[in-house]
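# Could you look at this predicted model? Sequence included:
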Amino acid sequence: NTATATRTSASAVMNKQHPMHLQNKKQRKRRTTGAAVGGVVVGGLALGPVGMVLGGVGAAAATRKICKSKEKAQERAYEQQQVTKQALDPRRTVHAGSFA
C-alpha cells in the first residue's frame, strides 16, 4: 500500500528525537532537584516545617514546568530546521512527476 508506506516514512522522519534530548532530560532532573533543595531551605526559613514542604514542592514543580517549555521550544525549532532542510534538498523529487 503506497499511502501507508508514505505515511510511515513521513512519520518516521518527524519522530526523530532532538539530538540533545537525553542531555536536556538529565539537566532538567538536576535543575529540578536543585530547585527543590533551595525551596526547602527558603521555605524552612520563612514558614518552618510547612514552608519546607510547600517550598520544595512548589520550586520543583515550577522549575520542571519552565525547563519542559524551553525544551519543547528547542525541539520545535529543531524540527522546523529539519523540515526546511528536507524541503530544500534537491535530491527529493516530490513534485517532479508529470501529470498526464
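Yes, it's here. Since the structure is predicted, the reported quantities are computational estimates derived from the model, not experimental observations. Residues are numbered from 1 along each chain as shown.
# Please name every helix or strand in contact with the lengthiest helix in the chain.
If you go by DSSP state H, the chain has its longest helix at helix 21-87. Helix 21-87 sits against helix 2-14, with contacts defined as 3 or more C-beta pairs under 8 Å, 6 or more residues apart in numbering; DSSP states H and E. Every residue, glycine included, has its C-beta placed from N, CA and C.
# Let's test this: mean pLDDT of the helix it packs on, rounded?
On average, the pLDDT along helix 2-14 is 48.
# can you check stretch 44-56 too?
96.
# again with stretch 84-100
On average, stretch 84-100 scores 70.
# Let me see the contact set for residue 51.
42-45 (C-beta atoms under 8 Å, 6 or more residues apart in numbering).
# one more time with 10 Å, if that's ok
The contact partners of residue 51, by C-beta atoms under 10 Å, 6 or more residues apart in numbering, come to 39-45, 58.
# Same question for residue 61.
The neighbourhood of residue 61, defined by C-beta under 10 Å, 6+ apart, consists of 32, 35-36, 39.
# before we move on, back to that, now, of the contacts of residue 51, which are buried?
Burial by neighbour count, judged by 16 or more other C-beta atoms under 10 Å, picks out 39-40, 43-44 from these.
# Which helix or which strand is home to the spatially closest residue to residue 75 that is not a sequence neighbour?
Nearest non-adjacent residue to residue 75, counting by C-beta to C-beta, 6 or more residues apart in numbering: residue 18, 4.5 Å away. Assigned by DSSP states H and E, residue 18 belongs to neither a helix nor a strand.
# Tell me if I'm right that residue 24 and residue 74 touch.
Yes: the criterion here is C-beta atoms under 10 Å, and residue 24 meets it with residue 74 at 7.3 Å.
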